[in-house]
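*Asks:* Sequence first, predicted model second:
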Amino acid sequence: MTAHQDFQILIHQLRSQLQDWDDLQGADCPESDRSNPAQSNPDRLPAPIASSPSNFDRSNSDRLNLAPALAQLQAHYQTQLLSAPSPSDSSQAARFQSLQTEIAKQMRLLGLDGLFLKTARHPEKFRDRLQHISQRLELLDKYCAAIVALAENR
């Protein structure tokens, strides 16, 4: 198994953790309540507790502690992926380097998203940050899959 495949496993575990948390949140409130209530029923106004930043219940969001998983992902990236050998074929080496550059960019942005998630005060911002993290993990997964496919075509 290559370093990129190991990295993909860590990504899948983190995405699973996000999905489990999202499913837990969905169990706490019906699907219609998770969207904008005013859009689903124009006569119904959003509950004041949901719109008030001072009342944002951090207890549920604190249960989603991504810091250890993000740190593990970052450590694996720095120790394994950065030192991964480049293909000897020049066209494959260029593609490999391009993918590695994109992975580096997404890892930096993922770290920032993790910090922003930690400081989110509004439920909407918290969900937005989770969505950003999920999208970055999906991109990282695709980049790693492309590198694994590149390695298999050698």
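*Replies:* Great, that's in hand.
*Asks:* contacting residues around the closest residue to residue 67 other than its chain neighbours?
*Replies:* Residue nearest to residue 67 in three dimensions, not counting chain neighbours: residue 114, with 6.9 Å by C-beta to C-beta, 6 or more residues apart in numbering. Yep, even glycine has a C-beta here, placed from its N, CA and C like the rest. By C-beta atoms under 8 Å, 6 or more residues apart in numbering, the contact set of residue 114 is 66-67, 70, 133.
*Asks:* Can you tell me how far residue 75 is from residue 13?
*Replies:* Going from residue 75 to residue 13 by C-beta to C-beta, to the nearest Å gives 14 Å.
*Asks:* er, residue 144 actually
*Replies:* When residue 144 is compared with residue 13 (using C-beta to C-beta), they lie 14 Å apart.
*Asks:* same thing with residue 90?
*Replies:* Counting by C-beta to C-beta - residue 90 and residue 13 are separated by 35 Å.
*Asks:* In terms of neighbours, single out the busier of the two.
*Replies:* residue 13 (13 against 9; other C-beta atoms under 10 Å).
*Asks:* Show me what counts as buried in the helix or strand where the more buried one lies.
*Replies:* According to DSSP states H and E, residue 13 maps onto helix 3-28. Neighbour-count burial for helix 3-28 flags 3-4, 7-8, 10-11, 14-15, 18, 21-22, 25 (criterion: 16 or more other C-beta atoms under 10 Å).
*Asks:* can you map out the helices along the chain?
*Replies:* Remark: helices assigned in the chain by DSSP state H are 3-28, 31-34, 37-40, 48-51, 58-63, 67-76, 90-119, 123-152.
*Asks:* wait, residue 143 sits on residue 106?
*Replies:* Yes - using C-beta atoms under 8 Å, residue 143 is in contact with residue 106, at 7.2 Å.
*Asks:* Return the per-residue confidence for the residue nearest to the spatial centre of the chain.
*Replies:* For the chain, the residue lying nearest the average C-alpha position, counting by C-alpha atoms, centre = their mean, turns out to be residue 133 (2.7 Å). Residue 133 is assigned 94 on the pLDDT scale.
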